[in-house]
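J.: Only the shape, not the letters, is given here:
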């Protein structure tokens, strides 16, 4: 007769938990639904990566956006159904009479489900990367994909944790899917909602991941309490849950009060930047904003150069074409004293880096920190306010003393000779 | 070599005292029930809704009793659930399996839930159980495509993974074809050696085939507890066979407790249980378990 560790009270090894997670993963991956969604994600990823005129940066950003918006809804449905799986399959009666503690059962189920949801995201990104590789992007340009994958993955984690928690605690798939409604409203542009619920900017990832962990700990604490008998839940649940909850509460408080970048919104410099009034012939708006590497850049750095300030936003398709055009201008006129600076209007701090590296841009891309990512984007951006523009893309060309000599809006920024002509004219006036 | 006997040599005792379960909708599943189960196969017999599954669920720690106590090997089902789960194997009446997993994977996952950490030990146990349950040939097939009998055998195998001291099987033969029913009964009889088996059924033949002791449950209360011989003794001398015409049947049914009927041409041979039958053409016969069961379950209108 064999003997051993059967039903022993000792804590299970990591190997056992990993094995359980792998089974949970397999349970989903063998379903027709998983295969279909994964295939669709791959095809969609290919379609994102195949669009002409998009470089690796634009593709990576678009894949990240699709991942965090569309796939978070998919993940919500997926995890909601996972939350009630034992009830649907009637496996509770054989699973819950086993000696494995509730916490382990719930954790491995969540991890398995999350891995399934993340595999959709990976399929989407693989499709995009493949198309970019075929399209000629270099490996170094593709290095921006992991950043966007991480950003979208973090959003998926939060969406999964929230929906799984609601579904498993209420034993209702509908309750889990309520989180989806929340995201739909946010994506639909309800600015009041986006102000305090928007896990998509990379700077909010920590808050929402902590929120997700807090929700999961709540589930571990509350789920199937009667099943425990007099056994106490593991102390780490309360410790981790409390820490995560405090972190979330603290950060959400400031986020709701001040917006997504509390430190920038309480910065009077942003108000000063927004209060500038830049017109033709006047001095171009000054700023001190972080570039793609996080280093602050101000207008004084480009003193004595013909400067081109380009306002763009990642959601605007014209902006992608503008960035490519500015790259050729910088190459063509850079050694004659022309400096291009792209000002990115995005609440997400990863955008500038993604585009700068992915599109292999040869000029600095600064992030307009004050941007709140809502449809009224331009009204909410200090630099757009300074230039009094309601149109993107927008380009201001200055002379070597930073006085505005030309303003271009919309497609004229990149389509046609207008911008090149303005630069040529200025260089003829001020060769050095 | 793998042995499917209980991992402990000492016999287990199930002690149930004044156990009551009242559901939220007011339905009483168990009413002040007391019972002690010590060894062999104890069969709980009763009609649907008698409270068998309620008792099984309470003993398997899935359901909380409203009042009373139930101790399994000295562990309280309310408070020491984890300790009970370590020595318990449970095959529920209504259970599902993960349809996309194979028989082997299903058992491997269940073994992980049993905290069997050593991969070699898991493999040996699962292979042994698959062999025992005659599932080796289909070990890599998804259980979603299994017949009812095969599913039942997978269910039984998962209940045995931790070599339980107490095996609870709830209606294991319900819905199975005769061949599978016999196979499951044989397995239960084989498994009874070193462990206590609590078998719930509404089929007399299950009891006859495997049970050492029987409890008859009706409307949440025990009507009888004892061995099969005792059950038969309870009705011995009270079972009669009456030769009658077909048109007499309604009248006889009103007078006596019918336990069986055989048609022979235009005549009927009606089997009844009664203290006394005053009627020509009536003869006493040896009782069987069906007679005993119906006699013990009789309502007051059939004295």
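T.: Cool, got the structure. As the structure is a computational prediction, the values presented were derived from the model and not from experiment. Numbering: from 1, shown residues only, chains lettered A, B, ... in the order given.
J.: list the contacts for residue A:238?
T.: A:217, A:221 (CB atoms under 8 Å, 6 or more residues apart in numbering or on different chains). All C-beta spots, glycine's among them, are computed from the backbone N, C-alpha and C.
J.: tell me which element it is part of?
T.: Using DSSP states H and E, residue A:238 maps to helix A:235-258.
J.: Please, where are all the strands along the chain?
T.: In the absence of a named chain, chain A is used. Listed in chain order, the strands of chain A (DSSP state E) span A:288-290, A:296-298, A:306-312, A:338-344, A:365-367, A:394-398, A:404-409.
J.: meant chain B actually
T.: B:14-22, B:28-37, B:41-45, B:67-72, B:75-76, B:88-91, B:166-170, B:196-201, B:213-218, B:221-227, B:239-245, B:257-264, B:267-273, B:282-284.
J.: Measure how buried the nearest residue to residue B:67 once chain neighbours are set aside is and give me the count.
T.: Leaving aside its sequence neighbours, residue B:67 sits nearest to residue B:20 (CB to CB, 6 or more residues apart in numbering or on different chains; 4.7 Å). Per other CB atoms under 10 Å in any protein chain shown, the neighbour tally for residue B:20 reads 15.
J.: pLDDT score for residue B:20?
T.: On pLDDT, residue B:20 comes in at 96.
J.: How much space separates it from residue A:31?
T.: Look at residue B:20 and residue A:31: by CB to CB, to the nearest Å, they are 43 Å apart.
J.: where does chain B dip in pLDDT?
T.: B:1-10, B:299-303 (pLDDT under 70).
J.: which residue is nearest the middle of it?
T.: The residue lying closest to the centre of chain B (CA atoms, centre = their mean) is residue B:200, at 2.0 Å.
J.: Point out where the stretch 151-300 of chain A drops to low pLDDT.
T.: A:186-198, A:255-267.
J.: Identify the bridge partners of the residue nearest to the centre of chain B.
T.: Note on residue B:200: beta-bridge partners by DSSP bridges are residue B:44, residue B:170.
J.: Please name the residues that touch it.
T.: By CB under 8 Å, 6+ apart, the contact set of residue B:200 is B:43, B:44, B:52, B:53, B:55, B:56, B:93, B:168, B:169, B:170, B:171.
J.: Report the buried members of those.
T.: Using 16 or more other CB atoms under 10 Å in any protein chain shown as the burial test, those include B:43, B:44, B:52, B:53, B:55, B:56, B:93, B:168, B:169, B:170, B:171 as buried.
J.: measure the last one to residue B:212 for me?
T.: With distances taken as CB to CB, residue B:171 is found 19 Å from residue B:212.
J.: For the closest residue to chain A within the stretch 201-303 of chain B, the count of nearby residues, please.
T.: With CB to the nearest CB, the shortest gap between the stretch 201-303 of chain B and chain A falls at residue B:201, namely 17.3 Å. Neighbourhood size, residue B:201 [other CB under 10 Å]: 25.
J.: That one contacts residue B:42, correct?
T.: No. Assessed by CB atoms under 8 Å, residue B:201 is found out of contact with residue B:42, at 11.2 Å.
J.: Identify the residues contacting the residue lying closest to residue A:17 once chain neighbours are set aside.
T.: Among residues not flanking residue A:17 along the chain, residue A:108 sits closest, at 6.1 Å (CB to CB, 6+ apart). Counting by CB under 8 Å, 6+ apart, residue A:108 touches A:17, A:20, A:21, A:23, A:24.
J.: Stretch B:124-136: how far from the chain's middle?
T.: Stretch B:124-136 sits 23 Å away from the centroid of its parent chain (CA atoms, centre = their mean, to the nearest Å).
J.: same deal with stretch A:348-355?
T.: Using CA atoms, centre = their mean, the offset of stretch A:348-355 from its chain centre is 9 Å.
J.: Tell me which residues of stretch A:230-245 come out buried.
T.: Applying 16+ other CB under 10 Å to stretch A:230-245 flags A:233, A:234, A:237, A:240, A:241, A:244, A:245 as buried.
J.: should've said stretch B:205-213
T.: Going by 16+ other CB under 10 Å, stretch B:205-213 has these buried residues: B:206, B:207, B:209, B:210, B:211, B:213.
J.: Redo those as CSV? Include distance to residue B:297.
T.: Below are these laid out as CSV (distance: CB to CB, whole Å):
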residue, distance to residue B:297
B:206, 16
B:207, 13
B:209, 20
B:210, 20
B:211, 16
B:213, 17
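J.: can I get those in CSV with distance to chain A?
T.: Converted to CSV, the buried residues of stretch B:205-213 look like this (distance: CB to the nearest CB, whole Å):
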residue, distance to chain A
B:206, 20
B:207, 23
B:209, 25
B:210, 22
B:211, 23
B:213, 23
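J.: Which one of those residues is nearest to residue B:176?
T.: Proximity of the buried residues of stretch B:205-213 to residue B:176, judged by CB to CB, is greatest for residue B:206, which lies at 10.6 Å.
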